[in-house]
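Asks: no sequence on hand, only this structure:
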């Protein structure tokens, strides 16, 4: 059953990437919707903190397996959209940068220690951090961008980063049952260390 979930996730990631290519290739910078989507799509890819956190959510979901493979990333995306809407509306949220950096530390540590949580707890954990990531995306929306298109852009990029994390977990899993958990946990540990460096302002 786990291989079915993973295979489905990998196919969805490929299909999503193929669907996005024409949209990005023919995007017209003079049109508000295109500018909004392009900026939104690029924003999660422009910061190491966002990339690490979102890919690690995918690895965490893979580590849990079963329904968590799609429920955990879906929870992150849904709550992040709420955070993005708050940011676009100008609603203040304290400690956003701290929350983003902590998300990298904590999610990396969860993967590093192989922590197995109930799916609901995992969804709550990623959702807590997603609000900070979403708020950062929303508040940094360019003035000329179309809000809905911008939101669709950063949500799409986030979903693809989650799929990248699931894909990394799948590739690591192919090493074999004996070695793959250690490799996955090492990857989580490196992410957590990078999060500590972000907190210290070293990167």
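Replies: That came in fine, so what should we check first? Remember, it's a predicted structure, so these values are computed and weren't measured experimentally.
Asks: can you give me the helices for the chain?
Replies: 2-25, 32-42, 48-64, 68-88, 96-112, 119-139, 147-173, 180-199 (DSSP state H).
Asks: excluding its backbone neighbours, what's nearest residue 80?
Replies: Excluding its sequence neighbours, the residue lying closest to residue 80 (CB to CB, 6 or more residues apart in numbering) is residue 134, at 3.6 Å. (Glycine included, C-beta is placed from N, CA and C.)
Asks: same check on residue 73?
Replies: residue 162 (3.8 Å).
Asks: cool, and residue 63?
Replies: residue 111 (6.1 Å).
Asks: ok, now which ones touch the nearest residue to residue 119 once chain neighbours are set aside?
Replies: Nearest non-adjacent residue to residue 119, counting by CB to CB, 6+ apart: residue 68, 4.8 Å away. Residues counted as contacts of residue 68 (CB atoms under 8 Å, 6 or more residues apart in numbering) are 61, 119, 122.
Asks: please report how far residue 68 lies from residue 125.
Replies: 11 Å (CB to CB, to the nearest Å).
Asks: tell me, what residue is most central in the chain?
Replies: residue 54 (2.2 Å; CA atoms, centre = their mean).
Asks: contacts only, for that one.
Replies: 44, 76, 133, 158, 161, 162, 165.
Asks: I'd say the second one and residue 127 touch.
Replies: Yes. Residue 76 is within contact range of residue 127, at 6.6 Å (criterion: CB atoms under 8 Å).
Asks: neighbour-wise, which of these two wins?
Replies: residue 76 (33 against 18; other CB atoms under 10 Å).
Asks: dihedrals phi and psi, residue 65?
Replies: Main-chain dihedrals, residue 65, degrees, to the nearest 10: phi 70, psi -180.
Asks: ugh, wrong one, residue 113
Replies: phi -90, psi 0.
Asks: for the residue lying closest to it once chain neighbours are set aside, give me its contacts.
Replies: Excluding the flanking residues, the one nearest residue 113 by CB to CB, 6+ apart is residue 185, at 7.1 Å. By CB under 8 Å, 6+ apart, the contact list for residue 185 reads 111, 112, 113, 114.
Asks: residue ranges with poor pLDDT in this structure?
Replies: Applying pLDDT under 70 to the chain picks out residues 1-35, 176.
Asks: follow-up on the earlier one: so which of the helices of the chain is the most packed in?
Replies: Across the helices of the chain, averaging neighbours per residue (mean count of other CB atoms under 10 Å) puts helix 48-64 on top, at a mean of 25.
Asks: from the middle of its chain, how far away would that one be?
Replies: Centroid separation for helix 48-64 versus its chain: 6 Å, with CA atoms, centre = their mean, to the nearest Å.
Asks: then stretch 108-127?
Replies: Distance, centroid of stretch 108-127 to centroid of chain: 14 Å (CA atoms, centre = their mean).
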